[in-house]
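[1] Below is the sequence, then the predicted model.
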Amino acid sequence: HKTEDALAATRAAVEEGIVPGGGVALVRALSALDELKLEGDERTTLNPQTVKNMFQKGKFSYMSPEQTSGKNIDSTSDIFSLGIVFWELVTGERLFTGNSSEEILKKVCEMPIMAPSKIRTDLDKDLEMVILKALERDKKYRFKSMMEFKNALDEFFIKLKIESPETRLKKFMLMPYLEC
């Protein structure tokens, strides 16, 4: 039930349009997170107000390093922001915090990113690698596209024998025809 709480809260944030870098990336993350079944850990419980505060539009804590320095951004910037969201959902903690916007921006660009497993010792190493690749500060080492990110998550699902959201949707759509 804890995963459902986190998902419901995050979906509420998406519906309010307060997601950094565009809602499409987070919606994809939600369907992926739905498959992770992070049950049994208090840190996965989020309430709608917490999520709303986390995802305020333009929040410095969810910017990519290239955004903070005013460089040209592309879809890999959204991948970094989504990596932050995943990191926070699996750890239950904020990644970049500070007392001022300047302090947060500096951390986004310079603070070593702690492996989520330092906080969540039961976290699967393959999932951790996916998250950390999304959080590469140098975008040439990040996933090149959302599709590449999604494919990495799909490989994780396959390893754990979890159906991907697409497979579940296909089965759902075919159900009426299979009953004939």
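    Perfect, thanks for sending it. Numbers count the residues shown, from 1 in each chain.
[2] For this protein, just list every one of the helices.
    2-15, 23-36, 48-54, 65-68, 75-91, 101-110, 125-134, 146-159, 165-178 (DSSP state H).
[3] Need the mean per-residue confidence for the longest one.
    For helix 75-91, the mean pLDDT works out to 91.
[4] Kindly report the same for stretch 119-130.
    Throughout stretch 119-130, pLDDT has a mean value of 93.
[5] That one: which residues count as buried?
    Neighbour-count burial for stretch 119-130 flags R120, L123, L127, E128, V130 (criterion: 16 or more other Cβ atoms under 10 Å). C-beta: built from backbone N, CA, C; applies to glycine.
[6] next one: stretch 142-155
    Quick answer for stretch 142-155 (16+ other Cβ under 10 Å): R142, F143, M146, F149, K150, A152, L153, D154.
[7] okay if I get those residues as JSON lines plus pLDDT and distance to R94?
    JSON lines is the format used below for the buried residues of stretch 142-155 (pLDDT from 0 to 100; distance: Cβ to Cβ, whole Å):
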{"residue": "R142", "pLDDT": "96", "distance to R94": "21"}
{"residue": "F143", "pLDDT": "96", "distance to R94": "23"}
{"residue": "M146", "pLDDT": "90", "distance to R94": "24"}
{"residue": "F149", "pLDDT": "92", "distance to R94": "22"}
{"residue": "K150", "pLDDT": "87", "distance to R94": "25"}
{"residue": "A152", "pLDDT": "92", "distance to R94": "24"}
{"residue": "L153", "pLDDT": "86", "distance to R94": "22"}
{"residue": "D154", "pLDDT": "84", "distance to R94": "28"}
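[8] Make sure I104 is actually in contact with I84.
    No. Using Cβ atoms under 8 Å as the test, I104 is too far from I84 to be in contact (11.6 Å).
[9] So between those two, which is more surrounded?
    Ranked by neighbour count (other Cβ atoms under 10 Å), I104 and I84 place I84 first, with 25 against 21.
[10] and the more buried one, how far is that from K159?
    Distance from I84 to K159, counting by Cβ to Cβ, to the nearest Å: 24 Å.
[11] same question, K107
    32 Å.
[12] So for these two, which residue has more residues nearby?
    K107 (18 against 11).
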